[in-house]
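> Predicted structure and sequence below. I'll ask about it afterward.
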Amino acid sequence: MGLLPAKTARIESGSIQFYKNDKEIIDLLKLSPKAHRKLLGENLAMIFQDPMTSLNPVKRCGNQLIESLLLHKKISEKQAKKTALELFAEMELENPKKIYKSYPHQLSGGQKQRVMIAIALSCNPKILIADEPTTALDVTVQQSVLALLKRLQKKFKMSIIFITHDLGVLAQIADNLIIMYEGKIVETGDVNHIFHHAEHPYTKGLIACRPHPEKRLRKLPSVKDFINYNPDNIVFQSENIISTEERKEKHKQIYEQQAILEIKNLRKQYYSKKYFYSKKEVFYAVKDFSFSLYPGESLGLVGESGCGKTTLSRALLRLIDIDAGNIIYRGKDLSSLSPQQMRPYRKKLQIVFQDPYSSLNERIRIGDAIKEVLVVHRKDLSAKEQRRKTEEMLEKVNLDKAFYSRYPHELSGGQRQRVCIARALVLEPEILICDESVSALDVSVQAQVLNLLNELKETFQLSYLFISHDLSVVKFMADRILIMQKGEIVEEGNPDEIYANPQKAYTKKLIEAIPSFG
């Protein structure tokens with residue numbers, strides 16, 4: 001696509017040959033910037049992982065699409081607008097006229113990604129490069145976007161280069177597969193053949209690091225386990241499988257205790273007006289929600305985007321006010337406390353957010369970002385003790401002391417999320433809310449972070465509220481599971497039983513949307 005920075009990146013050898021037609025072959029590396037731009041605009045297009053950062057936040061979605069049409073096609077603005085509305089309808093977006101006038105922040109993640117696809121397809125490209133286009137999306141939205149891409153590919157007779165770390169996603173869309181490791185192709189061939197007869201350790205690791213649909217493992221395998229194969233590693237041993245009896249005994253110990261957190265009839269509602277003179281419309285983000293969390297328990301909360309998961313987590317921490325209900329922590333009702341009265345309890349209830357990039361201040365060093373929490377809540381500690389405690393916490397999340405002086409931009413996504421976990425745990429809380437804390441990570445890094453969370457749970461005797469849209473991930477983590485739809489609990493129980501025999505159509509939909517190699 002010619003997007004590599006000229007000052008810091010150089011293509012030293014090779015060629016990129018584009019077959020414009022049967023007779024004309026063009027080497028993209030030999031084109032002038034102007035010729036390159038014209039050719040790519042008409043023949044190649046690209047959609048990126050995060051539509052929020054790819055779309056201009058201060059321009060309406062319709063204007064961003066017609067900008068591409070007016071640049072590459074000789075049509076009037078009126079005709080461009082008509083084409084834009086037709087494309088939005090083609091993307092299965094409800095009310096294309098409303099989408100046309102909307103700003104990116106007014107749309108959901110799935111809607112924004114569909115707008116990005118519409119922009120990419122506006123000039124009818126021969127090749128579409130999709131770079132991790134579904135990673136940040138819910139499994140159900142991901143499934144609909146993949147189905148849309150397959151339909152559009154067939155309709156426009158388009159080739160797709162689909163880049164992803166999730167082989168389960170590729171099983172649904174790809175014909176042929178290239179496995180890339182450390183800048184080199186290590187395996188290539190028919191997608192089904194590779195899934196069932198993988199040869200390279202890296203490929204085997206990518207396939208194995210997703211939570212197993214049937215076996216319950218103590219520790220998920222990672223790519224590193226297969227690259228540095230060691231038969232003595234626990235992940236390759238039969239002891240890594242948790243028996244049904246062992247799990248029952250563990251649950252008996254957990255649920256014989258008094259609940260550490262009780263939520264009773266929690267309700268959060270929002271009001272909206274379509275027009276100045278119209279009546280207020282009430283929207284229930286969380287409606288009469290009740291559950292209990294026990295010491296040492298991992299409680300899973302699963303639902304699609306917009307079902308109220310994040311609203312619930314923020315309400316539990318009193319980051320937003322609630323309209324009704326009670327939040328009872330160790331017998332104390334937190335729902336009626338003022339912000340000042342709430343401060344001592346914040347040490348005991350912490351949260352890890354979804355995006356490790358926006359959770360850290362880019363201008364503050366890693367060590368200072370963690371120590372800042374101690375400066376606010378542990379004034380009894382000296383500066384020297386605060387530093388020591390910070391360094392110890394870094395080591396507990398498998399980051400050495402050298403990370404103390406680094407900035408966030410020097411860290412990978414997985415390392416950033418470890419820092420966020422360290423920051424949440426440095427106050428030694430009793431309850432940790434993980435709000436989609438692994439959904440933005442590669443499957444191998446995700447496996448490492450999930451293993452880390454389980455280890456830290458035992459070390460610090462934590463209780464987890466683990467929120468996710470991915471039922472397979474929650475099944476690995478949770479002792480008990482709540483299925484949430486439109487602000488309410490629609491199904492509750494043991495993850496293994498719900499996974500094997502879901503009672504509600506909504507739960508079945510979530511399970512069926514999980515990428516698999518079948």
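Received it, and whenever you're ready, just let me know what you need. Residues are numbered from 1 along each chain as shown.
> And the pLDDT at residue 517?
Note on residue 517: pLDDT of 65.
> er, residue 19 actually
Reading off the model, residue 19 has pLDDT 88.
> Leaving out sequence neighbours, find the closest residue to it.
The shortest distance from residue 19 to any non-neighbouring residue, by CB to CB, 6 or more residues apart in numbering, is to residue 25 (5.5 Å). Backbone N, C-alpha and C define where each C-beta goes, glycine included.
> ok, that neighbour touching residue 15?
No: contact criterion CB atoms under 8 Å: residue 25 and residue 15 do not qualify, at 9.8 Å.
> still on that earlier bit, pull the contacting residues for the residue nearest to residue 19.
17-19 (CB atoms under 8 Å, 6 or more residues apart in numbering).
> same check, this time on residue 92
Counting by CB under 8 Å, 6+ apart, residue 92 has contacts 114, 144, 148.
> tell me which of those residues is nearest to residue 439?
residue 144 (16.8 Å; CB to CB).
> roughly how far apart are the residue lying closest to residue 480 once chain neighbours are set aside and residue 492?
Leaving aside its sequence neighbours, residue 480 sits nearest to residue 299 (CB to CB, 6+ apart; 5.5 Å). Applying CB to CB, to the nearest Å, the value for residue 299 to residue 492 is 10 Å.
> Compare neighbour counts for the two and give me the winner.
residue 299 (24 against 14; other CB atoms under 10 Å).
> got a list of contacts for the helix or strand hosting the more buried one?
Secondary-structure element containing residue 299, defined by DSSP states H and E: strand 298-302. With CB under 8 Å, 6+ apart as the test, strand 298-302 has contacts from 291, 293, 309, 312, 457, 463-471, 474-475, 477-484, 495, 510.
> partner strands of it, parallel or antiparallel?
Here strand 298-302 has these sheet partners by DSSP bridges: strand 463-468 (parallel), strand 480-485 (parallel).
> most tightly surrounded among the ones you listed?
strand 463-468 (a mean of 25; mean count of other CB atoms under 10 Å).
> so what's the residue most central in space within the chain up against?
The centre of the chain sits closest to residue 439, judged by CA atoms, centre = their mean, with a distance of 2.5 Å. Taking CB under 8 Å, 6+ apart, we find residue 439 in contact with 136, 354, 468-470.
> For those residues, name the two members farthest from one another.
136 and 468 (12.8 Å).
> Look up the pLDDT of the residue nearest to residue 480 for me, please.
In this model, residue 299 carries a pLDDT of 95.
> From residue 465, how far out is it?
From residue 299 over to residue 465 the distance is 5 Å, taken as CB to CB.
> next one: residue 185
With CB to CB as the criterion, residue 185 and residue 465 are 42 Å apart.
> What's the local residue count around residue 261?
23.
> I figured it hits residue 431, correct?
Yes: under the criterion of CB under 8 Å, residue 261 makes contact with residue 431 at 6.1 Å.
> So for these two, which residues contact both of them?
Common neighbours of residue 261 and residue 431 (CB under 8 Å, 6+ apart) are 293, 329, 463.
> where in the stretch 251-400 of the chain is pLDDT low?
Scanning the stretch 251-400 of the chain for pLDDT under 70 picks out 272-279.
> The same query, at a cut-off of 90, please.
Across the stretch 251-400 of the chain, residues meeting the criterion (pLDDT under 90) sit at 269-285, 303-311, 320-321, 336-340, 343-344, 346-347, 353-362, 376-381, 398-400.
> what about the helices in it?
Here the stretch 251-400 of the chain has its helices, by DSSP state H, counting those that start in this stretch, at 309-316, 339-346, 366-377, 383-396.
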